[in-house]
Structures are given as structure tokens and as C-alpha cells.
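Engineer: Quick one: sequence and predicted model below, then my questions.
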Amino acid sequence: MTSLLILNGPNLNLLGQREPEIYGYETLQDITRLCENKAKSSGVQIQLEQSNHEGVLVDLLQAAQHVHAGVVLNAGAYTHTSVALLDAISSVEFPVIELHLSNVFNRETFRHHSYISHAVLGVICGFGAYGYVLAIDALLRHLEGA
Ligand code: DQA
């Protein structure tokens, strides 16, 4: 069965209580349930991971090679700072979708630049928790060659 990794970066463990006017009231557990329901209805397996640590995110991306067919990555603030994550994404063969709950382009200018965009299949932002469902759909369509 096709397997996808949903990888969340720093501070996303605080979803629901962290600036809810920007990131919404759904917790990471709510998002986990949303993704699991989407995976079930799409007939795929998913693994969800969250880490506040850049190197752990790199390790998880490397470990996903030959295990997962694709990754949905919300790299949080590392999006805007991490060449290491860009290099990790460039090193793996599977497609990665960059995801943000908020519309980073109508926020502070330092959020307009993403290091990881250079290496990802596409970017989804601004749709809150529903973005994860959109990203899983987009990844599966891509993997089916649609
Ligand atoms: C975020 C946007 C980033 O700029 C921010 O640092 C985050 C969350 C989002 O999901 O909207 O931590 O990736």
C-alpha cells in the first residue's frame, strides 16, 4: 500500500493554543485525525511526525527514502532559514509538498522567502488545517501520474 509521511516542524505541536487567529483552533491531534480520515478514504497509509529540531527533520526525511512514496512537509520557521532542509529534500527521490497553514505571502516579508520551495513539487498555503487534505490529494494525483 502507498505510504505517505506528514512531517511537521517547530512549534506545530502547539497548534490550537499558538496564535489561533493565524493558525486556527485545530490542534495537531485534530490534524492527525483529519489526515488519518483522508488516508483511509484514499486507501493509503500515513505516518505523522513532528519535531522542533532541524536535524531530526533532516533525519526523518532521509529515513523516508524507500519507505514513503511522498512527503507533506510543514517546516514551520525552518522554511525561511534552513539550507539543511533544502539539501535533504534535494537528496531524496520522492516528491515533497511544502505546506503552510497560514498564507505566508500576506504576512511579514521574512516569511515570503522559502529555502525549501526550490526543491519541492509544489506549495500549498493559506487554507488552514484543510491544506493537509489538499496536499495529500495533490501528492496522490501526482503519484498516479494524473
Ligand atoms: C507556518 C508558517 C511559518 O512562517 C511559521 O514560522 C510557522 C508555521 C504555517 O503553517 O503557516 O511556524 O509554516
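Structural biologist: Sure thing, it's come through. These numbers were taken from a predicted model, which means no experiment stands behind them.
Engineer: Which parts of the protein are helices?
Structural biologist: Here the chain has its helices, by DSSP state H, at 20-23, 28-42, 54-64, 83-91, 130-143.
Engineer: For the protein, list the residues in contact with the ligand, please.
Structural biologist: Proximity of the chain to the ligand, by Cβ under 6 Å from any ligand atom, involves residues 11, 74, 76-77, 79, 100-102, 104, 111. C-beta here means a position set from N, CA and C on the backbone, and glycine is covered the same way.
Engineer: cutoff 8 Å now
Structural biologist: Residues of the chain that fall close to the ligand, judged by Cβ under 8 Å from any ligand atom: 9-12, 22-23, 74-80, 99-104, 107, 111, 125.
Engineer: quick one: contacts for the residue nearest the centre of the chain?
Structural biologist: For the chain, L73 is the residue whose C-alpha lies nearest the centre (Cα atoms, centre = their mean; 2.1 Å). Counting by Cβ atoms under 8 Å, 6 or more residues apart in numbering, L73 makes contact with 7, 9, 61, 89, 96-99, 116, 120.
Engineer: Okay, and which of those map to strands?
Structural biologist: Here DSSP state E is the test, and the contacts of L73 give 7, 96-99 as lying in strands.
Engineer: how near is L60 to L5?
Structural biologist: Distance, L60 to L5, using Cβ to Cβ, to the nearest Å: 7 Å.
Engineer: any shared contact partners between these two?
Structural biologist: With Cβ under 8 Å, 6+ apart, L60 and L5 have common neighbours E49.
Engineer: Fine by me, thanks again.
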